[in-house]
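Participant: structure of the sequence below:
(chains A and B)
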2 protein chains.
Amino acid sequence: MNENKIPYKIYLSEDEMPQYWYNVRADMTNKPAPLLNPATLQPMTQQDMEGVFCRELARQELDDTTAYIAIPEEIRSFYKMYRPSPLVRAYCLEEKLQTPAKIYYKFEGNNTSGSHKLNSAIAQAYYAKEQGLKGVTTETGAGQWGTALSMACAYLGLDCRVFMVKCSYEQKPFRREVMRTYGANVTPSPSDTTEIGRKILQQFPGTSGSLGCAISEAVETAVNHPGYRYVLGSVLSQVLLHQTVIGLETQTALKKYDIHPDIIIGCAGGGSNLGGLISPFVGEKLRGEADYRIIAVEPASCPSLTRGVFRYDFCDTGEICPMAKMYTLGNGFIPAANHAGGLRYHGMSAILSQLYHDGLMEARSVEQTSVFEAAEYFARCEGILPAPESSHAIRAAMDEAIKCRETGEEKTIVFGLTGTGYFDMVAYGQYNDGKMSDQIPTDTDLQKGFATIPNFPGNN
Amino acid sequence: MNENKIPYKIYLSEDEMPQYWYNVRADMTNKPAPLLNPATLQPMTQQDMEGVFCRELARQELDDTTAYIAIPEEIRSFYKMYRPSPLVRAYCLEEKLQTPAKIYYKFEGNNTSGSHKLNSAIAQAYYAKEQGLKGVTTETGAGQWGTALSMACAYLGLDCRVFMVKCSYEQKPFRREVMRTYGANVTPSPSDTTEIGRKILQQFPGTSGSLGCAISEAVETAVNHPGYRYVLGSVLSQVLLHQTVIGLETQTALKKYDIHPDIIIGCAGGGSNLGGLISPFVGEKLRGEADYRIIAVEPASCPSLTRGVFRYDFCDTGEICPMAKMYTLGNGFIPAANHAGGLRYHGMSAILSQLYHDGLMEARSVEQTSVFEAAEYFARCEGILPAPESSHAIRAAMDEAIKCRETGEEKTIVFGLTGTGYFDMVAYGQYNDGKMSDQIPTDTDLQKGFATIPNFPGNN
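Facilitator: Residues are numbered from 1 along each chain as shown, chains lettered A, B, ... in the order given. From the prediction side, this is the model:
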């Protein structure tokens, strides 16, 4: 097809949307190591999982052999309300960069949650509803996951209880208000509604909370309330599975216009977006059908892939969730303040960790000020004001495009634009005022974090 | 075409996008009355206009005979970055309302300005650039227009100076920060940078400003700085012209699927969105090709069409802009606090006023609490969190759909969903907390406003 015919935005038709999620584990030679029960150090069983997670989601979490899993009709209907998302040709960015590279981005921000999080939120809420549950509990930091889950629960008529890290609850009243508008019950964490919350409040009066504490409160609430289960927005393999709608749509759109990407780039926090975007492409690599450079971009302030170790670690600070073998900075690692709240996670999805370990993808870290510089540059030529998280991928895509300008190579770059930054204007304001700084952990900081990784035979 | 085949979202392809704006005045038997020069009470000439407005925009303002005006290539390229906007079938809303009506909405919120305002912002910025100007000045209240203009100016490399009503500047720091991210110079109004600003600050120290004052400061700045002109986001006929991309796309999408609307609904403040949406349909009515019920929905707190008078009035509080013959509450009318900031305008576009006067459209007013009730209902089933302004149209569309449930009529309803409410969470919070009230002007309030309408021979 004539390259001139490629539109600014490629939209698939509804019948081109995926009917199956793609489970990349089925094609992996080295499967991700199994989740371990922290009490027994034995692999988690379906039964272990069902106390906390919905039945079908537990099943999906453990399934590393089924390559294609049908997307239920009701979820596909919901997807049609805000998907397919556009694959956008960044004509203006290319022109402004004066690069021979062709740049595309898959834009997931055109829904009220403001990000890709809704793709898994609706799936998880659907399975909770199907199981006859009354509701779900979760934690939220920056608030995008909580918003997405609130939207999905409102649609399905499920109760939604969100524990929001207290400092975010107070600093981001608008995020909280969006969740309330969707009928969610939003509690600042730590709270006096749980045992762990009360304990922490007693120990640390006036604490502004942490994600680890909010997870613990959400899990405790799910376990203690019949008809409730706990759901999570990233890291888990089930979440990456649901997020493959991103990569599958991207793949279909590229094939439709006979576009062959050289480089695929995504930001990496817990791995939900990156895993969703790259899985189908990694599948092609694993099956020997195609080759791509795949780049994970993480904040220099929280560099789990580039400076972490590949070990079993707790997924939460409270140490009550299953342990995963992953690239980790240690669950006791405390990243410096970084506005890309969605990337401030000490570990990384077990799937992505294994792929990285096996050399199937690269990783790089970028500093915050250069991320915001890229964000602003992008906003001014492409229109969209990106989320700080997404802007990590923009930074790397721009850097690759600038290299092409220098070498004259006409590479095709695809990156994931996970969401919008409308609720991140405090961070943009700091950047606009020249008050933003880069905070990179020292080796000593890292050693302190590594020391919190559980030490048991075979964990190395 | 089989009705079952209508997708959730109808997206036109790029080559189906309009290449011309439609100037409904060309088909109107009773043209809108000409703008008057407030100094001479004579119709504004091209020369009168050019001191304040860009040359081509002045020409468009005065042209009431050319039906189709070509959209310049560069504007069409920019439109392709965020348009075509989807025409969405509200399947979930229909189901939840249990109505036999078919409901569609044209959604203009999928761009960073959060509304349809970008359609005219890019056009006005383009003509300023084409004329070789350095920059433009404007005022903004709620901030959507200022954001849209900042985005357009960033894209074209024009300087953008926005006077933001001081209370908004202080209460909506995030809106302000978005504009700054796009490189705009945002000044709280009244300011000490203009004569009128200094005068008002001296008279009313500590004032939180008004739209009228901000307009005056923006006009003064444009007039006093060589290479600058003033631009406006609503009311003017040129703005309605640019906004017809909304209606033209809607018309094409409906025809593509052989859908015949019975009722077309839009919210009405100054008229930019409503005029843009309905113009092509009104054109069909005027030419006798089709018939539609067209409903303008305005806030009960600022009811220019339903309770105003059809007279010549000032468009601004400062009384320096041209006078228009329109439905008005008087430029001295002060609407009660109402969160739909974009609808708090004392007058109405001259085109829409004439159409209403001639019986080509209906008008109704709705109260704020029932608007937010509709907004929340819509958000929970259709996903999108609507702007308060847009929610006026949702309220009326829902009311019409409920009537259909009662009568069993299968009417097709199309409404304009102008934007998103992400920067309006203070208002949503008040609604969620049960602290929102309705504030409707008394007849005495209206009489006070009418008394400010200029009284000269023939003005009745």
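Participant: make it CA atoms for all contacts and neighbour counts henceforth
Facilitator: Fine.
Participant: low-confidence stretches in chain A?
Facilitator: Counting by pLDDT under 70, the ranges of chain A that qualify are A:1-4, A:338, A:340-341.
Participant: enumerate the residues of it near chain B.
Facilitator: Near chain B, the residues belonging to chain A are A:7-9, A:14, A:80-81, A:110-112, A:151, A:154-155, A:174, A:177-178, A:180-182, A:376, A:379-385, A:422, A:425-426, A:428-429, A:432 when assessed by C-alpha under 8 Å from any C-alpha of the partner chain.
Participant: would you write a PyMOL line that selects the buried entries of those residues?
Facilitator: Applying 16 or more other C-alpha atoms under 10 Å in any protein chain shown to those leaves a buried subset, and the PyMOL line that selects it is:
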select buried, chain A and resi 7+8+9+14+80+81+110+111+112+151+154+155+174+177+178+180+181+182+376+379+380+381+382+383+384+385+422+425+426+428+429+432
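Participant: let's see which of the residues of chain A next to chain B end up in helices.
Facilitator: The helices in this structure, assigned by DSSP state H, contain A:80-81, A:151, A:154-155, A:174, A:177-178, A:180-181, A:376, A:379-382, A:425-426, A:428-429, A:432 from those.
Participant: pretty sure A:S279 sits against A:A26.
Facilitator: No: the pair A:S279 and A:A26 fails to qualify as a contact (C-alpha atoms under 8 Å) at a distance of 11.0 Å.
Participant: the more surrounded of these two?
Facilitator: Set side by side, A:S279 and A:A26 show unequal neighbour counts under other C-alpha atoms under 10 Å in any protein chain shown, the larger going to A:S279 at 25 against 16.
Participant: so that one versus A:P226, what's the distance?
Facilitator: As defined by C-alpha to C-alpha, to the nearest Å, A:S279 lies at a distance of 36 Å from A:P226.
Participant: repeat that for A:S191.
Facilitator: Shown here: A:S191 relative to A:P226, a distance of 20 Å by C-alpha to C-alpha.
Participant: the more surrounded of those two?
Facilitator: Between A:S191 and A:P226, A:S191 has the larger neighbour count (other C-alpha under 10 Å), namely 22 against 11.
Participant: next up, the contacts around A:R395.
Facilitator: A:R395 makes contact with A:366, A:370-371, A:374-375 under the criterion C-alpha atoms under 8 Å, 6 or more residues apart in numbering or on different chains.
Participant: now the residues you listed: which count as buried?
Facilitator: With neighbours counted using 16+ other C-alpha under 10 Å, the contacts of A:R395 contain these buried positions: A:366, A:371, A:374-375.
Participant: of these, which belong to helices?
Facilitator: A:371, A:374-375.
Participant: what domains does the record give for chain A?
Facilitator: Using automatic domain parsing, the domains assigned to chain A come out as A:3-15+A:84-114+A:237-450, A:20-70+A:117-230.
Participant: chain center to the last one, what's the gap?
Facilitator: Taking C-alpha atoms, centre = their mean, to the nearest Å, one finds the center of domain A:20-70+A:117-230 at 14 Å from the center of the full chain.
Participant: stretch A:345-358 now?
Facilitator: When C-alpha coordinates are averaged (C-alpha atoms, centre = their mean), stretch A:345-358 and its chain have centres 12 Å apart.
Participant: span of it from start to end?
Facilitator: Here the two ends of stretch A:345-358 are set 22 Å apart, with distance taken as C-alpha to C-alpha.
Participant: and what of stretch A:44-54?
Facilitator: End-to-end distance (C-alpha to C-alpha), stretch A:44-54: 14 Å.
Participant: swap in stretch A:77-88?
Facilitator: Start and end residues of stretch A:77-88 are separated by 23 Å (C-alpha to C-alpha).
Participant: can you lay out the buried ones among the contacts of A:R395 as JSON lines showing distance to B:T452?
Facilitator: Conversion of the buried ones among the contacts of A:R395 to JSON lines gives the following (distance: C-alpha to C-alpha, whole Å):
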{"residue": "A:V366", "distance to B:T452": "59"}
{"residue": "A:V371", "distance to B:T452": "53"}
{"residue": "A:A374", "distance to B:T452": "51"}
{"residue": "A:A375", "distance to B:T452": "48"}
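Participant: show me which of these is closest to chain B.
Facilitator: Nearest to chain B out of the buried ones among the contacts of A:R395 is A:A375 (C-alpha to the nearest C-alpha; 9.4 Å).
Participant: got the contact list for that closest one?
Facilitator: With the criterion set at C-alpha under 8 Å, 6+ apart, A:A375 makes contact with A:385-386, A:388, A:391, A:394-395.
Participant: and for A:R405?
Facilitator: Contacts of A:R405 by C-alpha under 8 Å, 6+ apart are A:98-101.
Participant: A:L305 and B:I263, how far apart?
Facilitator: Between A:L305 and B:I263 the distance, using C-alpha to C-alpha, works out to 56 Å.
Participant: ok, then the element right after the strand or helix carrying A:L240?
Facilitator: Assignment of secondary structure by DSSP states H and E places A:L240 within helix A:237-256. If you walk from helix A:237-256 toward the C-terminus, the next helix or strand you reach (DSSP H and E) is strand A:263-267.
Participant: partner strands of that following strand, with direction?
Facilitator: For strand A:263-267, the paired strands and their directions (DSSP bridges) read strand A:293-299 (parallel), strand A:412-417 (parallel).
Participant: mind giving me the packing neighbours of the next helix or strand along the chain from that strand?
Facilitator: Scanning the chain past strand A:263-267 towards its C-terminal end, the next helix or strand to appear is helix A:272-286 (assignment: DSSP H and E). Contacts defined by 3 or more C-alpha pairs under 8 Å, 6 or more residues apart in numbering or on different chains; DSSP states H and E place helix A:272-286 against helix A:237-256, strand A:263-267, strand A:412-417.
Participant: the ones you listed into TSV, with extra columns for mean neighbour count?
Facilitator: Formatted as TSV, these follow (neighbours: other C-alpha atoms under 10 Å in any protein chain shown):
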stretch	mean neighbour count
helix A:237-256	24
strand A:263-267	27
strand A:412-417	26
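Participant: dump those to CSV, plus distance to B:I402.
Facilitator: CSV is the format used below for the helices and strands packed on helix A:272-286 (distance: least, C-alpha to C-alpha, whole Å):
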stretch, distance to B:I402
helix A:237-256, 36
strand A:263-267, 46
strand A:412-417, 39
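Participant: out of the ones you listed, nearest to B:R89?
Facilitator: When the helices and strands packed on helix A:272-286 are ranked by proximity to B:R89, the top entry is helix A:237-256, at 21.7 Å, counting by C-alpha to C-alpha.
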